[in-house]
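S.K.: Build me a structure from this.
(chains A and B)
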Amino acid sequence: DAGVIQSPRHEVTEMGQEVTLRCKPISGHNSLFWYRQTMMRGLELLIYFNNNVPIDDSGMPEDRFSAKMPNASFSTLKIQPSEPRDSAVYFCASRRTSGVNSYEQYFGPGTRLTVT
Amino acid sequence: RKEVEQDPGPFNVPEGATVAFNCTYSNSASQSFFWYRQDCRKEPKLLMSVYSSGNEDGRFTAQLNRASQYISLLIRDSKLSDSATYLCVVKTGGFKTIFGAGTRLFVKA
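M.R.: The predicted model follows:
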């Protein structure tokens, strides 16, 4: 089975531009998470979805960040306008919430974002 | 107090050594526990789940102490390839999963 797929793997953009990160969770997983990781703050949960519904977005830093999950196989994280302090690695993770190995999260390879 | 706390290390150990990490959690209602491993510039990967009775996977042993609210990871016969950051993960009620900041391990020849 394919793991969690993220695109792009690397993104370099200028301050003020819109950035869209994409994620395809593992088929059959019904929860999806967006994380941000930096050296200073470690791994931070931004938002998570269950059955395509946002459950907790309290980690989203500010209104410049938005996330959607239009269906079970696709999610986006958008930053508009981007700022240099948004530079980080953004991970998407998914898990199932019932059955064997439920609640074990599987991470995508991440998107390394650099905002200049 | 952080919900999940780990000693950041780094732990520097020679090959063949035994090393142990602890992780404490604050929510007594926490339900599930995991150890993840993260290599430099890579994504976190599940190392093992932690069961109430403790569990072992080769050189790795995980323990849960609910009374004292901590979990531990023991690595025996350390290999160079064990060098990584080890993340403690706790699932509280509902859907929330909390990652610790990680403990860095360096295994040297």
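S.K.: For burial, what's the neighbour tally of the closest residue to chain A within chain B?
M.R.: At 3.9 Å from chain A, residue B:43 is the closest residue in chain B, using Cβ to the nearest Cβ. Where you see a C-beta, it was placed from the backbone N, CA and C, and this is true even at glycine. Using other Cβ atoms under 10 Å in any protein chain shown, residue B:43 has 21 neighbouring residues.
S.K.: Which residues are in contact with the residue lying closest to it once chain neighbours are set aside?
M.R.: Distance criterion Cβ to Cβ, 6 or more residues apart in numbering or on different chains; nearest residue to residue B:43, sequence neighbours excluded, is residue A:107 at 3.9 Å. When contacts are counted by Cβ atoms under 8 Å, 6 or more residues apart in numbering or on different chains, residue A:107 touches A:4, A:91-93, B:43-45.
S.K.: and residue A:107, bridged to which residues?
M.R.: Note on residue A:107: beta-bridge partners residue A:93, judged by DSSP bridges.
S.K.: next one: residue A:113
M.R.: Beta-bridge pairing for residue A:113 (DSSP bridges): residue A:11, residue A:88.
S.K.: How about the contacts made by residue A:9?
M.R.: With contact taken as Cβ under 8 Å, 6+ apart, residue A:9 is in contact with A:109-112.
S.K.: Show me these that map onto helices.
M.R.: The helices, defined by DSSP state H, take in nothing from the contacts of residue A:9.
S.K.: now, which of the residues you listed sits nearest residue A:68?
M.R.: Relative to residue A:68, the closest of those is residue A:111; by Cβ to Cβ it sits at 16.0 Å.
S.K.: what's near enough to touch the closest one?
M.R.: A:6-11, A:21, A:89-90.
S.K.: which of those residues count as buried?
M.R.: By the neighbour-count criterion of 16 or more other Cβ atoms under 10 Å in any protein chain shown, the contacts of residue A:111 include these buried positions: A:6, A:11, A:21, A:89-90.
S.K.: Relative to residue A:67, which of these is nearest.
M.R.: Closest approach to residue A:67 among the buried ones among the contacts of residue A:111 (Cβ to Cβ): residue A:21, at 9.1 Å.
S.K.: Let me know whether the helix or strand of chain B with the lowest mean pLDDT sits next to chain A.
M.R.: None of the helices or strands of chain B scores lower by mean pLDDT, DSSP states H and E than strand B:97-99, at a mean of 88. Yes - judged by Cβ under 8 Å from any Cβ of the partner chain, strand B:97-99 and chain A are in contact via B:97-99.
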